[in-house]
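Asker: sequence and predicted structure are below.
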Amino acid sequence: MCALCDKLRNAWGWRTLYSDKVTSMNGRNYSLLGKLVALGLAAGLLAGCASTQPAKPAAAPHHDATARTVLAEADLKRGDCRAASENYAQAAANGDAQLARRATQVAMACEHLPAAWQAATRWRSLAPTDREANALYAAVALKLYRTADARAAINDFWRAEEQLDAAAAAAPGTPQASPLPGTSAPGLPLAGRARTPQQRAAKSMNELTALLLEESDGPAVLSAMSGALEPTANSPDTFTLLGELALAGYDGQRAQGYAQRALQLDPKDLAALRVLARGYVMRGEAPQAVATARRAQADDATRGGFELAEILASLDRSEEAHQQLELLRAGGAPQAEVDRRLALLAFNSGDMKEARQRFTELLASGEGNDAAQLYLADIAARDGDPEGAIAAYRRLYDSSVALSARSRAAALLLDRSARTEALALLDDYAADHPEDELDLTLAKARLLADHGEPDAGLALLSAALERHPQHPSIEYDRAVILEQAGHVHESVEALEQMLTKRPDDPTLQNALGYTLADHTLELPHAETLIRRALTVMPDNPAAIDSLGWVQFRQGDPKGAAATLAHAYALGHDPEIAAHWGEALWMSGQQAEARRVWAAALAREPDSKQLKATLKRLIPDAQ
């Protein structure tokens, strides 16, 4: 069966922030774009995938849309995603809106961004008021960091929703718009069932936002969506949606502002209170965060109580979070939910003994799932039991978390120099799940680079760029691995080339700034780049870490330590802890540095960055 056909049928994603970890343990793992594509393509295309693979047809004139479509269909049968995308895009250039729609979806499924952009542009020109055309055009535009183009499409999508809203208000029997295909479970759900026309419009924007976040990062989606929604926003749902996006874009102050505007319209809106509390956490305003969560608890004892526990956990007040969860249990909150959160709390705070016990009890009670088993495997790996961890991961090789389990098992096997077995784990999965081909390629390249084979990783990425030309994720990983391989100037050059195409991308600005700082190159320029990134995402812990590190490289360890402390409070990343501890160490605060490193190692005992820093500064500690 061809790779694209499987991609159309099976495309799922998995992400893990603290609150998302609770969600994932409840079984909500989905990728909106994958489902959209799977539902959107014609059944005939899928039927063709089961056919006998024919010889490649002769080339057709570019103007002949029908012939190009035949070529594209044949490419699909052979599993040649790149050729299929390009032939469909060329066919669409002279075809109708339906052909352009199919061409867009095929190119997006194949991660062929130039073809997707060509086809989506054609589709939108033929159907400027089509909701799906505008949604996918915006998704491709954001993936290419064409923020202004995305904003224009989102504006058109929003105007269509407003027109439906007005029509429904004038005639209550007017049918509402169908959801975007594959968005039955949006990532940013509205509270309650949408009843009014205004709420229905907000729900559609939620679905669009979830789709865009699958394709791009938070700051880019925030920039595009806020420009479309903010001028006419007049409902708590819309302001809360913008607040969620501000959180995803690492802008706590902006999130607070949106949440407060929502609360002016509905003081008891739980979703808005949640955004406000998280905005306070992001800004380092702990008392206000806790007070806001308690306000939510006063309005809704159970949901607000869970919110309070999450806020306390986010503030590193694990014991208080634990007590809050036990109070919820005593008050009649769902026992399984309390137990899941207690298990995650123990894991995130580094108490592996309690975490193991709680995850094991969840599974024994029938309330556990694949995610709980994955945590148990991770705990075995952290406890220095690679054999037990690999055995536990093996039980998940065909589960809902198969890609994560196989990748982590492969890393352990590479640690033991079992290279063939490690790569076979990923290759075998790719054979059965070609929809994950790009993610698997990136994972293999990173694993190889992390285990002393950066050149092999770079070769994989070069081949991937042949299949997925100009793909920003591949180009970015290539720059990162070039630096790992010691090719610093080539890495810098690659990042600079990407920035010429995406000059306002804060992620690239931060990456280039950090790379320069880490190698003590062009420090003033590095600081300028990092500060530019921070104007867009002021509360991004990675960018704050970069700023602290450039301060350290400039000879200000004391100032760097203060900046890095803030970064670690937001991110709890072991690399940030390594930097923070080194800044403390060099400023004469060795005891505090040891405390920082010890706490970080309790969370991430296998961190190579932490271990390397300790070995360099305290050889006897190893």
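Answerer: Happy to help now that I have it. None of the values given here were measured: they were computed from a predicted structure.

Asker: what segments of the stretch 351-500 of the chain are strands?
Answerer: Assigned by DSSP state E, counting those that start in this stretch, the stretch 351-500 of the chain shows no strands.

Asker: tell me where it is predicted with low confidence.
Answerer: For the stretch 351-500 of the chain, applying pLDDT under 70 flags no range at all.

Asker: quick one: the helices in it?
Answerer: For the stretch 351-500 of the chain, helices defined by DSSP state H, counting those that start in this stretch occupy the ranges 352-365, 370-382, 386-394, 402-415, 419-432, 437-450, 454-467, 472-484, 488-501.

Asker: okay if I get the ones you listed as JSON lines plus distance to Leu564 and mean neighbour count?
Answerer: C-beta coordinates here come from the backbone N, C-alpha and C atoms, glycine included. Listed next are those as JSON lines, based on distance: least, C-beta to C-beta, whole Å; neighbours: other C-beta atoms under 10 Å:
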{"stretch": "helix 352-365", "distance to Leu564": "26", "mean neighbour count": "17"}
{"stretch": "helix 370-382", "distance to Leu564": "24", "mean neighbour count": "23"}
{"stretch": "helix 386-394", "distance to Leu564": "31", "mean neighbour count": "18"}
{"stretch": "helix 402-415", "distance to Leu564": "27", "mean neighbour count": "22"}
{"stretch": "helix 419-432", "distance to Leu564": "34", "mean neighbour count": "16"}
{"stretch": "helix 437-450", "distance to Leu564": "24", "mean neighbour count": "21"}
{"stretch": "helix 454-467", "distance to Leu564": "27", "mean neighbour count": "18"}
{"stretch": "helix 472-484", "distance to Leu564": "21", "mean neighbour count": "21"}
{"stretch": "helix 488-501", "distance to Leu564": "23", "mean neighbour count": "16"}
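
Asker: for these, which one sits closest to Ser226?
Answerer: helix 472-484 (22.0 Å; C-beta to C-beta).

Asker: next, the angle helix 437-450 makes with that closest one.
Answerer: 10 degrees (axes from the mean of the first three to the mean of the last three C-alpha atoms, to 10 degrees).

Asker: if we can go back for a sec, make JSON lines out of the helices of the stretch 351-500 of the chain and add distance to Ala152.
Answerer: JSON lines is the format used below for the helices of the stretch 351-500 of the chain (distance: least, C-beta to C-beta, whole Å):
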{"stretch": "helix 352-365", "distance to Ala152": "48"}
{"stretch": "helix 370-382", "distance to Ala152": "39"}
{"stretch": "helix 386-394", "distance to Ala152": "46"}
{"stretch": "helix 402-415", "distance to Ala152": "35"}
{"stretch": "helix 419-432", "distance to Ala152": "37"}
{"stretch": "helix 437-450", "distance to Ala152": "28"}
{"stretch": "helix 454-467", "distance to Ala152": "29"}
{"stretch": "helix 472-484", "distance to Ala152": "21"}
{"stretch": "helix 488-501", "distance to Ala152": "19"}
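
Asker: among the ones you listed, which comes closest to Leu270?
Answerer: Of all the helices of the stretch 351-500 of the chain, it is helix 370-382 that lies closest to Leu270, at 25.0 Å by C-beta to C-beta.

Asker: hmm, who's touching that closest one?
Answerer: 21, 24-25, 340, 343-344, 347, 352, 355-356, 359-360, 362-363, 386, 388-389, 392-393, 395-396, 399-401, 404-405, 408, 412, 605-606 (C-beta atoms under 8 Å, 6 or more residues apart in numbering).

Asker: next one: stretch 245-256
Answerer: Residues outside stretch 245-256 that contact it (C-beta under 8 Å, 6+ apart) are 209, 213, 217-219, 221-223, 225-226, 243-244, 257-258, 275-276, 278-283, 536-541, 543.

Asker: could you point out which element follows the helix or strand where Tyr137 lies?
Answerer: In this assignment (DSSP states H and E), Tyr137 forms part of helix 131-143. Downstream of helix 131-143, the first helix or strand assigned by DSSP H and E is helix 147-170.

Asker: so which bits of that next one are buried?
Answerer: In terms of neighbour count (16 or more other C-beta atoms under 10 Å), helix 147-170 has its buried residues at 147, 149-158, 160-161, 164-165, 168.

Asker: farthest pair within these?
Answerer: Farthest pair in the buried residues of helix 147-170 (C-beta to C-beta) is Thr147 and Ala168. Separation: 30.8 Å.

Asker: quick check: phi and psi on the closest residue to Val488 other than its chain neighbours?
Answerer: In space, not counting the residues next to it along the chain, Val488 is nearest to His519; the distance is 5.3 Å by C-beta to C-beta, 6 or more residues apart in numbering. Phi and psi for His519, reported as degrees, to the nearest 10, are phi -110, psi 20.
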